[in-house]
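**Student:** this one's sequence-less:
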């Protein structure tokens, strides 16, 4: 799964559960690391600004400028990033990639550069849900999940198929019927429904 897609993923968990960092996700772009605001190096485009962490922005702009430019606004990769950033599940991400095939190679190159050149600067903090890099983007919801749903989320994250569903892997299958993911949804909908509304 690409970095941008990873952050987009977790909305599948409860309405807005997304990795705390990764190239957008978005809630990806979601490159590894928290991506919010930051200054882009002149000439490297605007996408790097979404990476948030100053160290990650500086590294990406310094080591991956060509790849960032290939994914800037107005490019096929930029269109793919925008599409994936708006996604809440793996099916949507797969649809974006099918609709924007010419952007996928450039996005893969960007993710490979960030992973290879900026892994430390863009490292995902493990301060999310139940010790993962996931978050619902809401303090009350995160608090409830951490207090009530860690056994279910831990079991899901320990299973490759369930983790693929949670992370929005476009190759994940059986997400709708995965019993471990069902347990996570049940906990979110039960114990944390009022905290995670919205």
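**Tutor:** Structure's in. What do you need? From a predicted model like this one, the values you see are computed outputs, not experimental measurements.

**Student:** quick check: domain ranges of the chain?
**Tutor:** 3-117, 129-190 (automatic domain parsing).

**Student:** where among those is average confidence lowest?
**Tutor:** Ranked by mean pLDDT, those bottom out at domain 3-117, with a mean of 69.

**Student:** where exactly do the helices run in this protein?
**Tutor:** Using DSSP state H, the helices found in the chain span residues 3-9, 11-14, 54-63, 65-70, 76-85, 90-99, 101-117, 139-148, 150-157, 160-166, 179-190.

**Student:** need the winner for burial among those helices.
**Tutor:** Most buried of the helices of the chain, by mean neighbour count (mean count of other CB atoms under 10 Å): helix 3-9, with a mean of 33. (Each C-beta comes from the backbone N, C-alpha and C, glycine too.)

**Student:** from residue 92, how far off is residue 84?
**Tutor:** Distance, residue 84 to residue 92, by CB to CB, to the nearest Å: 8 Å.

**Student:** swap in residue 192?
**Tutor:** From residue 192 to residue 92 the distance is 23 Å (CB to CB).

**Student:** residue 163 too?
**Tutor:** Taking CB to CB as the measure, residue 163 falls 18 Å from residue 92.

**Student:** got the domains of the chain as JSON lines, with distance to residue 196 columns?
**Tutor:** Shown next, in JSON lines, are these (distance: least, CB to CB, whole Å):
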{"stretch": "domain 3-117", "distance to residue 196": "5"}
{"stretch": "domain 129-190", "distance to residue 196": "4"}
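
**Student:** relative to residue 123, which of these is closest?
**Tutor:** domain 3-117 (6.3 Å; CB to CB).

**Student:** quick one on the thing from earlier: want to try CSV for the helices of the chain, with distance to residue 44 as columns?
**Tutor:** Below are the helices of the chain laid out as CSV (distance: least, CB to CB, whole Å):
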stretch, distance to residue 44
helix 3-9, 16
helix 11-14, 29
helix 54-63, 5
helix 65-70, 4
helix 76-85, 13
helix 90-99, 23
helix 101-117, 11
helix 139-148, 32
helix 150-157, 34
helix 160-166, 32
helix 179-190, 38
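
**Student:** for residue 133, find the nearest of those helices.
**Tutor:** The nearest among the helices of the chain, by CB to CB, is helix 3-9 at 8.3 Å.

**Student:** am I right that residue 58 is in contact with residue 121?
**Tutor:** Yes - using CB atoms under 8 Å, residue 58 is in contact with residue 121, at 7.2 Å.

**Student:** that older thread, any idea which of the helices of the chain gets closest to residue 43?
**Tutor:** Among these, the nearest to residue 43 by CB to CB is helix 65-70 (6.8 Å).
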